[in-house]
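**Q** Sharing a model that was predicted from the sequence below.
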Amino acid sequence: MGLIDWLRALVGKPRQVRRNVSTIAATSGAAPAEQTEEIVQTEPQPMKPLHRRLTFRDARLLPKPKRKSGQFTWPRLKKKRYMQADEACRLFSTALRTRDRSIRDLATDKAQLSRYGLPVWHTEQDIAAALALTPKQLQHYSIHRCRETSPHYVAFAVPKRGGGHRIIHAPKRRLKAIQRKLNELLVEMLPISSYAHGFVKGRSIATNAKSHVGKAVVLKFDLKDCFPSIHFGRVRGLLIALGYGYPVAATLAVLMTEAPRQPVEVDGRLYHVPTGPRVCVQGAPTSPGLCNAVLVRMDRRLGGLARKYGFAYSRYADDLTFSGNDTAAVRPLLGIVPRIVQEEGFTINSGKTQIRRRGRRQRVTGVIVNECAGLSRRERRRLRAAIHNQQRHGAEGKSRRRLGGKLAYLKMLNPTQAGPLIAAFRSA
């Protein structure tokens, strides 16, 4: 738009809008139309929708006309390049892109990472150096491919005790070493709640059951598909919230997640194609720690709910346990807990919800908590019979080591129950 046209549009009548009609097909058998352009009539009303959009659109938003050959133009400034094309394609691909494009400009927050005690990584090169890898080696594992000729995980099924199968994705040797290093440097340092007892140093099923001993009622819930519910976006969002920049968070999230894949043969070659989003998988060393970190807010909400009704709350992996002496609180808890869990992006497995009152056996993660934490009478009788069998037949080797491990487990739960059995075992 020239200066004169701009002034005319500003103080005078708006510039006449023209549209190209040269491409409009002529009627069959008629000669091509000689008119190639027409003025859009703004009066009388009403106008066609297309004409209305053309009339009221700012002329500066219209496509610029092509420059005439030989016309002088000022040279354009060279645009600053922030990343290579292949890196942009990887970070903003269909599988890894984000709807909120503003987060991609976030830089690493060094002060916040230091407050959490997390390693400060500004770029992928920093991650590679911390893992003793070259950038090329890191990208071999941190790129999400829509088809893999050789996947980084080996998937197999393990039968469940209650029926069905559990799919395990075991990372191959090199990737497992990288994930173990990441678990040591990063995942174990992530903030978790005091209610989490699974996969935490210094905590165990004994500490998880301790707060539920001698209560009138024990209420147990189970999270359905806990690890697969933690998808790539949640892991990346967690890392960004803790202070990492977008490229670093995306790279780390790819390293610690995997998509379910289906083998497909094309032209005699086998490819492994993803059939769903990348998620935390059972078998990766980093999945339990990420689960505890993602569930921090849910733990705090459920812990506050338990305190409101005078109950105790703890979580071991995907097992949620509430206990208290007010049996009237069971009904509201049965309605509120699934709603909170659903709001946090998870689902309760309704088939595994249990209510155990004082008159029945109360078991929390395999530990009896009716009067004191320990094993049931039946299990202690079996241990006593095994020790007696060793005294009579003098069995050695693997069976004795297995029995010693069971006694050590009982000692961790309840040293009083384990004392006489350990003494008899040593004299055998």
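**A** Nice, thanks for sending it over.
**Q** Which parts of the stretch 51-200 of the chain are strands?
**A** Secondary structure of the stretch 51-200 of the chain (DSSP state E, counting those that start in this stretch): strands at 153-159, 165-171.
**Q** and the first one with strand 165-171, angle?
**A** An angle of 150 degrees separates the directions of strand 153-159 and strand 165-171 when computed by axes from the mean of the first three to the mean of the last three C-alpha atoms, to 10 degrees.
**Q** Paired strands for strand 153-159, with orientation please.
**A** Using DSSP bridges, the strands paired with strand 153-159 are strand 165-171 (antiparallel).
**Q** For the partner strand, the averaged confidence score.
**A** With pLDDT averaged residue by residue, strand 165-171 scores 93.
**Q** what do you get for stretch 351-364?
**A** Rounded mean pLDDT across stretch 351-364 is 93.
**Q** Would you mind measuring the gap between the ends of it?
**A** End-to-end distance for stretch 351-364: 17 Å, by C-alpha to C-alpha, to the nearest Å.
**Q** Pull out the buried residues from it.
**A** Within stretch 351-364, the residues that count as buried by 16 or more other C-beta atoms under 10 Å are 356, 362, 363, 364. C-betas here are computed from N, CA, C, even on glycine.
**Q** From those residues, pick the one nearest residue 256.
**A** residue 364 (29.6 Å; C-beta to C-beta).
**Q** Leaving out the residues flanking it, which one is nearest to the closest one?
**A** Leaving out its chain neighbours, the residue that sits closest to residue 364 by C-beta to C-beta, 6 or more residues apart in numbering is residue 209, at 4.4 Å.
**Q** now residue 224
**A** Here the residue nearest residue 224, using C-beta to C-beta, 6+ apart, is residue 349, at 4.0 Å.
**Q** ok, now how distant is the one you found from residue 80?
**A** 52 Å (C-beta to C-beta, to the nearest Å).
**Q** more crowded one of these two?
**A** In terms of neighbours (other C-beta atoms under 10 Å), residue 349 is the more surrounded of residue 349 and residue 80; the figures are 13 against 5.
**Q** Next, the contact list for the more buried one, please.
**A** Contact analysis of residue 349 by C-beta atoms under 8 Å, 6 or more residues apart in numbering lists 221, 222, 223, 224.
**Q** PyMOL command to pick out the buried ones of those?
**A** Buried subset of the contacts of residue 349, written as a PyMOL selection, criterion 16+ other C-beta under 10 Å:
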select buried, resi 221+222+223+224
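**Q** Just the closest of the contacts of residue 349 to residue 111, please.
**A** Of the contacts of residue 349, the one sitting nearest to residue 111 (C-beta to C-beta) turns out to be residue 223, at 34.2 Å.
**Q** State the phi and psi torsions of residue 356.
**A** Per-residue torsions, residue 356: phi -120, psi 120 (degrees, to the nearest 10).
**Q** is it true that residue 135 touches residue 126?
**A** No: with contacts counted by C-beta atoms under 8 Å, residue 135 stays clear of residue 126, the gap being 10.3 Å.
**Q** Any idea how many residues pack against residue 337?
**A** 21.
**Q** now the helix or strand hosting it, how far from the centre of its chain.
**A** Using DSSP states H and E, residue 337 sits in helix 330-343. What separates the centre of helix 330-343 from the centre of its chain is 23 Å, taken as C-alpha atoms, centre = their mean, to the nearest Å.
**Q** Buried ones in that helix, by neighbour count?
**A** For helix 330-343, using 16+ other C-beta under 10 Å, the buried residues are 330, 333, 337, 338, 340, 341.
**Q** With pLDDT added, can I get those in a markdown table?
**A** Output for these, formatted as a markdown table (pLDDT from 0 to 100):
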| residue | pLDDT |
| --- | --- |
| 330 | 96 |
| 333 | 97 |
| 337 | 98 |
| 338 | 97 |
| 340 | 97 |
| 341 | 97 |
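**Q** As JSON lines, those residues with distance to residue 371 would be great.
**A** As requested, the buried residues of helix 330-343 are exported to JSON lines (distance: C-beta to C-beta, whole Å):
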{"residue": "330", "distance to residue 371": "21"}
{"residue": "333", "distance to residue 371": "23"}
{"residue": "337", "distance to residue 371": "26"}
{"residue": "338", "distance to residue 371": "30"}
{"residue": "340", "distance to residue 371": "31"}
{"residue": "341", "distance to residue 371": "30"}
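**Q** so residue 255 sits right up against residue 141, yeah?
**A** Yes: the pair residue 255 / residue 141 is scored as a contact, 5.9 Å apart, by C-beta under 8 Å.
**Q** low-scoring pLDDT stretches of the stretch 101-250 of the chain, where are they?
**A** When residues are selected by pLDDT under 70, those of the stretch 101-250 of the chain lie in 101-106.
**Q** Fine by me, we can end here.
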